[in-house]
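Engineer: Structure of the sequence below:
(2 chains)
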There are 2 protein chains.
Amino acid sequence: MSDPFVVVGGDAAGLSAASKLRREDPDREVIVFEKGQWVSFAHCGTPYFVKGEVESLTDLLSLTPEDVAERGIDLRRGREVVAVDPDARVVTVETPEGTREQPYGDLLVATGARAAQGPFGTMDRDGAFTLHGMDSAAAIRALLTPPAEFAVEDLGGDDYLDAERAARYGAMEPPERVAVVGGGYVGVEMAEALDAWGLDVEVFQRSGTVLPGFGAAIGERVEDHLKAEGVEVHCDTPVDALLGEDRVTGVRVGENRIPADMALVGVGVRPNTELLNGTGIDRDDRGTVVVDRYGRTSAPDVYAAGDCATAFHAVTGQRAWVPLGLTANRAGRAVGTTVAGEPTPVGTTAGTAAVKAMALEAGRTGIIDHEAAREAGYDPVSETITAGSRSGYYPGGSETTVTLTADRGTGRLLGGAIVGRDRAAIRIDTVATALEGGLTVAELERSDLAYAPPFSPVWDPVLVAAKVLGGSL
Amino acid sequence: MSDPFVVVGGDAAGLSAASKLRREDPDREVIVFEKGQWVSFAHCGTPYFVKGEVESLTDLLSLTPEDVAERGIDLRRGREVVAVDPDARVVTVETPEGTREQPYGDLLVATGARAAQGPFGTMDRDGAFTLHGMDSAAAIRALLTPPAEFAVEDLGGDDYLDAERAARYGAMEPPERVAVVGGGYVGVEMAEALDAWGLDVEVFQRSGTVLPGFGAAIGERVEDHLKAEGVEVHCDTPVDALLGEDRVTGVRVGENRIPADMALVGVGVRPNTELLNGTGIDRDDRGTVVVDRYGRTSAPDVYAAGDCATAFHAVTGQRAWVPLGLTANRAGRAVGTTVAGEPTPVGTTAGTAAVKAMALEAGRTGIIDHEAAREAGYDPVSETITAGSRSGYYPGGSETTVTLTADRGTGRLLGGAIVGRDRAAIRIDTVATALEGGLTVAELERSDLAYAPPFSPVWDPVLVAAKVLGGSL
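Structural biologist: Residues are numbered from 1 along each chain as shown, chains lettered A, B, ... in the order given. The predicted structure follows:
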């Protein structure tokens, strides 16, 4: 019997792979090492737990450890894999009982990513957070809850929770003024969540608009909306440091010190791949594990999937790093199938993402940024339009802004973004599907999209954008 | 100078063509003959006018005759074109001053379609209606309004309205019980509208489910919802006749007489092409004008577009007749461009449609029906799944049912339908775009669709359906 399929990391990619392999090959031994306590939880749901729309951390668990055990997966929590030896085919695991070696037949590195700290040292002082993982979400909600109303059990999460940290924050007086450092997805979603608690929220964004990956027009509309709802937004305003000794007292922007009694840092993520140091397994300059179309690394029978691995971009065909949930789930599932004996590509990514910003919904996909497009060899042209989400006479519609980018030479659609209040984010799927199909702008314009007064005007905003962009090519 | 561009019919296709030509070739004379008074109105909005969500008929006008005149279009209302002579290049027009002949350089037949009467003779007795055109919508709302609250001016529509008919209905006591004959789009939308007035509504559908074009699974869910909301739905129940002499008293189903004091007949539409009798211009056995990819009929310089003309199907490439708004607008616009000197294909149709059924939204596209698929040379396989519209932990989601159909041999996606309460209808655009791109089920499954807890789970319902269908191929 072959050595087990060893998976490092018990989240989306890791458990998708483990589950799929067990379904396809029920006799194969599968061991999953998870360094923390939490497994298979919905990262993207944590802002809504902080906000309070999701009541309990337990609601965010896709699978409990018991569910995982029922699938016949040997899940070992609190076990960190610290080294890999591809020649000997073993991994080194730190356990409470000491360091152990575990042989593998196939190995999947699914260690994910961690929140970047930048120069901010969020763990150095109280009231400074990143939002990455269930325990940081728990600590934030504990801090926001007045001590008289706080009970650690209300957070949910049973014994996986870092109850000590949560209880310590639960005993503190809630903040009144919070600095959100970074205006990307996490910053925008957390601005909504923190505003809902009645805090004074200030967002600091290094570049010229929030949600820079969505292009300037969409970012500006989100910025305007946040401001209209009472969130202060400062663009072109990089934060240089957090202030305060034991507890956050503010942020420093150049010479200016802006007071705040909480700071939420959302400045991106970094892949967790230090366990591969010294293995010779290919990583890019960011540290991301370089994989082929089947998720295979440069070492035999070693795979990587999810936020720690590269993926192929649906538009450029080149390697890209887009740490997002669907990509991780899909890649994990494909690796499980491949390890079971049926080689299955992990699929491509178009960087499709959606975000809620209070009453607005925004989506993006593909390549919107002209510099990125030129780097990939395209001659980019973009147009932005605003059109109604419904027939003008039907109540409840919303102005919907769409940016589309295409290659001038071939007319091929490269990407797009959208924002509005009414069914806006989900419309980005039309653009994402067009990218998968390699459609030109003219082909997108000819697509027979749905028209019904309550949902869409005769010319859907995406079609209007295609029409206008087609005229500019 | 060439003879004018003559357009027969002042609605979506006709005015799109006329407007586009005037923009591209401002010197060309354009004459539009419209037999009625209304031009360029939103057919699809009439159920919502009846319901009362749209206040005034005037709200449903896309362009007023004054707007049309401003575009330099010579619009002549109340003028019916009754004959075409392609050899002499003239049309015969009935005017209040008698019959006239009008020469044309290019001719567009954009006469649309009319509501089928079946055996029902809806104009023979009071209280029996089809819903086709502004005057029937006005008459229905007049009848639904209690006489004490009725004022013909409240209907809007100024002097285009058939005020005499509206006033006559406005003086009648409102009905209490209405029979809706036909459970297609019009039947379902009107069931919602009539229910909103507090009427007892019974829908009679000839085939096994309402919305037969959406497939059985979607139709059954809509049926269940209508019933739960208090609408009686009778499937497999063809109505044989309307009852009553001067006023509707019920409907007859076989030997059964079901009382009703209003009947709404929605049993399809028929193309208006009698003006081409004797011209030799090709029409199919339904009477639809047969056109090529540029909207050209078999006669030189005679075009047809919109609900009176065929279109090419996006999936089969064969001629089809799918009288829908976007197809008409797009074809008209293309004909205008072609007549201006830049030959432009009218585009294809996938039969994409969406419909609101009270709290449900449904959409469909392409070929779902197996018999139709086999006729087009495919070996159809379908799967239906139900999945959440949002991450399970995020409030406000809805069970979303998706049917996808594909060709077993090639894996090519042929069509699909969807129903749910939360952003369901608009998701059909993903499937429609996949059809435009000729995607296989595997390619659709690999598409990088948006994931964000408030809008979509990691695996969008469309992806879940593709995954399951892929497993059955």
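Engineer: Return the residues in contact with the residue of chain A found nearest chain B.
Structural biologist: Chain B sits closest to residue A:437 of chain A, with a gap of 2.4 Å, by CB to the nearest CB. All C-beta atoms are positioned from the backbone trio N, CA, C, and that covers glycine. By CB atoms under 8 Å, 6 or more residues apart in numbering or on different chains, the residues touching residue A:437 are A:443, B:433, B:434, B:436, B:437, B:438, B:439, B:443.
Engineer: among those residues, which ones are buried?
Structural biologist: Neighbour counting over those (16 or more other CB atoms under 10 Å in any protein chain shown) leaves A:443, B:433, B:434, B:436, B:437, B:439, B:443 as the buried ones.
Engineer: re the thing from before, for the contacts of residue A:437, which one is nearest residue A:339?
Structural biologist: Checking those against residue A:339 by CB to CB gives residue B:443 as the nearest, at 23.6 Å.
Engineer: So the closest one belongs to a strand, correct?
Structural biologist: No: per DSSP: H, G, I helix; E, B strand; the rest coil, residue B:443 lies outside any strand segment and is helix.
Engineer: pLDDT at it, what is it?
Structural biologist: Model confidence at residue B:443, expressed as pLDDT, equals 95.
Engineer: show me the contacts for it.
Structural biologist: For residue B:443, counting by CB under 8 Å, 6+ apart, the contacting residues are A:436, A:437, B:434, B:437.
Engineer: mind running it again at 7 Å?
Structural biologist: residue A:436 (CB atoms under 7 Å, 6 or more residues apart in numbering or on different chains).
Engineer: I'd like to know how far it sits from residue B:472.
Structural biologist: 16 Å (CB to CB, to the nearest Å).
Engineer: follow-up on the earlier one: going by distance to residue B:410, which of the contacts of residue A:437 wins?
Structural biologist: Out of the contacts of residue A:437, the member with the shortest distance to residue B:410 (by CB to CB) is residue B:438, at 9.7 Å.
Engineer: Are we agreed that the closest one is in a helix?
Structural biologist: No: judged by three-state DSSP, residue B:438 forms no part of a helix; its state is coil.
Engineer: looking at chain A, which helix or strand is least sure?
Structural biologist: helix A:65-70 (a mean of 92; mean pLDDT, DSSP states H and E).
Engineer: can you pull the pLDDT of the residue most central in space within chain A?
Structural biologist: For chain A, residue A:324 is the residue whose C-alpha lies nearest the centre (CA atoms, centre = their mean; 4.3 Å). At residue A:324, the pLDDT value in this model is 92.
Engineer: Tell me who's in contact with the residue lying closest to it once chain neighbours are set aside.
Structural biologist: Leaving aside its sequence neighbours, residue A:324 sits nearest to residue A:353 (CB to CB, 6 or more residues apart in numbering or on different chains; 6.1 Å). Residue A:353 makes contact with A:185, A:324, A:363, A:364, B:450 under the criterion CB under 7 Å, 6+ apart.
Engineer: all helices in the stretch 151-300 of chain A, in order from the N-terminus.
Structural biologist: A:163-170, A:185-196, A:216-228 (DSSP state H, counting those that start in this stretch).
Engineer: mind checking which of these is nearest residue B:344?
Structural biologist: Comparing those by CB to CB, helix A:216-228 comes nearest, at 28.8 Å.
Engineer: what packs against that closest one?
Structural biologist: If you count contacts as 3 or more CB pairs under 7 Å, 6 or more residues apart in numbering or on different chains; DSSP states H and E, helix A:216-228 packs onto strand A:232-234, strand A:353-357, strand A:360-366, strand A:399-407, strand A:413-420.
Engineer: Quick one: the ones you listed as a markdown table, columns for mean pLDDT too.
Structural biologist: Shown next, in a markdown table, are these (pLDDT from 0 to 100):
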| stretch | mean pLDDT |
| --- | --- |
| strand A:232-234 | 98 |
| strand A:353-357 | 98 |
| strand A:360-366 | 98 |
| strand A:399-407 | 98 |
| strand A:413-420 | 98 |
